[in-house]
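Student: Okay, structure incoming, though there's no sequence with it:
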């Protein structure tokens, strides 16, 4: 039995896969303690974890929009949002995340730290405590890399010299913005008696493992992965609040195509978009199940059409096997659950990493992308388009790749190896000599 500490935050889509990893470790006889925002206590305990909240570090007290740390719906410029996130969450308060994590490691007797990839302060505490640390990436990889479009705008893969120039310019801008995090992060390191870092991603290279919780056949992979990176495939657990069973509200004789609608579980000012989706589907020969999610529990939407049923929540994993298509904001969890069921997508990304996830859906031939401000007429057109056989074929190819990858690598096994691997029992200290590579990175292209 190993004592793991998971340091994370209430970011919506990051929680189901990260708590899914924790649940798998618990099923194998280990203990997992979760350090996170207070609203995470219920889902953490539902996964079998013990829990304690952030004390000095910034955190959400509730799921209400006014308690959101990032308030990303207020930013139309991705670069301004990025800088804001560095200031209020990633770098500015990194010393407080480090202090809380260090206290939790001591209180819990933690032997391995698991940290959401944005919790830099937490990873520093593992380094100071000399215990192995694995970063969890609960979505597509965010690391800038040659041959991969920089995250943010949702660029497709570069097809020629202009595309490569586009990527080079955006990668340079992204690198400069990330460098702005270094003063805050190095202040956090100084409070732990650690040497400063000069590059965020080199710091990740020194972690015991970096687990990217998505399909390598879905993501855009660089020519070579860092030696400590493992693509584990997506963790497809539904949120605990979604339930586990679903019964169709339509009579069995109704065989019209079923469309699942699910936008963000966190507030992204999505009500108007949902209203246009409902209006669009009401005029199509389909059955539509619209899941509101907890973000809009105080902003209900009514449907005047019998073919559109609106519910507070439903377990997507139970609904998707019956679906012909799904309409989504293209959060990573919803996207992966749909593709694992072979269901094509109408993507309406609203920010964060959603534009880039949508770019991969389109590149893999699994769906179409439209703006979240699209009219009801444009939404109807997109739904009819994605019901064409070619998109179902693309989604089934991705389904088969995800199923194949699930047999090749298990995140719990990777994390158990950290305890037995003498090379990673004590993480190297920044500024000390590197130990060298630790094996080839796993990936399998479809």
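Tutor: Perfect, thanks for sending it. Since this is a predicted model, take the numbers as computed values, not measurements.
Student: quick one: residue 135 is in a strand?
Tutor: Yes - applying DSSP: H, G, I helix; E, B strand; the rest coil, one finds residue 135 inside a strand.
Student: Quick check: which element contains residue 6?
Tutor: Here residue 6 is covered by strand 3-7, with elements defined by DSSP states H and E.
Student: Direction included, what does that strand pair up with?
Tutor: Strand 3-7 has the following strand partners under DSSP bridges: strand 31-36 (parallel), strand 112-116 (parallel).
Student: would CSV of these with distance to residue 396 and mean neighbour count be doable?
Tutor: Heads up, the C-betas are built off the backbone N, CA and C, glycines and all. Compiled in CSV, the strands paired with strand 3-7 are given as follows (distance: least, CB to CB, whole Å; neighbours: other CB atoms under 10 Å):
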stretch, distance to residue 396, mean neighbour count
strand 31-36, 35, 25
strand 112-116, 32, 26
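Student: Generate TSV for these, with distance to residue 334 as supplementary columns.
Tutor: As requested, the strands paired with strand 3-7 are exported to TSV (distance: least, CB to CB, whole Å):
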stretch	distance to residue 334
strand 31-36	21
strand 112-116	19
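Student: re earlier: contacts for the strand holding residue 6, please.
Tutor: 18-19, 21-22, 25, 30-36, 49, 97, 101, 104-105, 108-116, 119, 122, 136, 415 (CB atoms under 8 Å, 6 or more residues apart in numbering).
Student: List the contacts of the helix or strand just after that strand.
Tutor: Using DSSP H and E, the helix or strand that follows strand 3-7 towards the C-terminus is helix 15-27. For helix 15-27, the external contacting residues (CB under 8 Å, 6+ apart) are 2, 4, 6, 8, 32, 34, 40, 43-44, 47-49, 114, 116, 136, 138, 211, 213, 234-240, 332-333, 410-412, 415-416.
Student: can you give me the angle the strand holding residue 6 makes with helix 15-27?
Tutor: 170 degrees (axes from the mean of the first three to the mean of the last three CA atoms, to 10 degrees).
Student: Relative to residue 239, how far out is the residue located most distally from the centre of the chain?
Tutor: Distance to the chain centre peaks in the chain at residue 253, reaching 37.8 Å (criterion: CA atoms, centre = their mean). Distance of residue 253 to residue 239, given as CB to CB, to the nearest Å: 32 Å.
Student: So which of the contacts of helix 15-27 belong to strands?
Tutor: 4, 6, 32, 34, 114, 116, 136, 211 (DSSP state E).
Student: same for the helix or strand hosting residue 261, what does it pack against?
Tutor: Using DSSP H and E, residue 261 maps to strand 258-262. When contacts are defined as 3 or more CB pairs under 8 Å, 6 or more residues apart in numbering; DSSP states H and E, strand 258-262 sits against helix 271-281, strand 287-291, helix 316-319, strand 325-328.
Student: Name the residues that touch that strand?
Tutor: 274, 277-278, 281, 286-291, 293, 316, 319-320, 322-329, 334, 338, 343, 383.
Student: what does the model give the residue farthest from the centre of the chain for pLDDT?
Tutor: On pLDDT, residue 253 comes in at 90.
Student: in the worst-scoring helix or strand of the chain on mean pLDDT, what counts as buried?
Tutor: The weakest-scoring helix or strand in the chain, judged by mean pLDDT, DSSP states H and E, is helix 78-85 (a mean of 81). Neighbour counts over helix 78-85 (16 or more other CB atoms under 10 Å) mark 78, 81-85 as buried.
Student: from the chain's centre, how far out does it sit?
Tutor: Computed by CA atoms, centre = their mean, to the nearest Å, the separation of helix 78-85 from the middle of its chain amounts to 18 Å.
Student: now swap in stretch 325-334 and tell me
Tutor: Taking CA atoms, centre = their mean, one finds stretch 325-334 lying 12 Å from the centre of the chain it belongs to.
Student: pLDDT of that stretch, averaged?
Tutor: The model assigns stretch 325-334 a mean pLDDT of 93.
Student: Would you agree residue 317 is in contact with residue 234?
Tutor: No - checked against CB atoms under 8 Å, the pair residue 317 and residue 234 is beyond contact range at 11.6 Å.
Student: Pick out whichever of the two has more residues nearby.
Tutor: residue 234 (25 against 17; other CB atoms under 10 Å).
Student: Quick one: residues contacting that one.
Tutor: 17, 213-215, 332-333, 336-337, 340, 402.
Student: thinking again about what came up before, for the strand holding residue 261, buried residues please.
Tutor: Neighbour count says strand 258-262 has 258-262 buried, by 16+ other CB under 10 Å.
Student: Return the member of these nearest to residue 170.
Tutor: residue 262 (29.6 Å; CB to CB).
Student: got the domain boundaries for this protein?
Tutor: 3-233+409-424, 241-404 (automatic domain parsing).
Student: gap between the shortest one and the chain center?
Tutor: This points to domain 241-404. Offset of domain 241-404 from its chain centre (CA atoms, centre = their mean): 17 Å.
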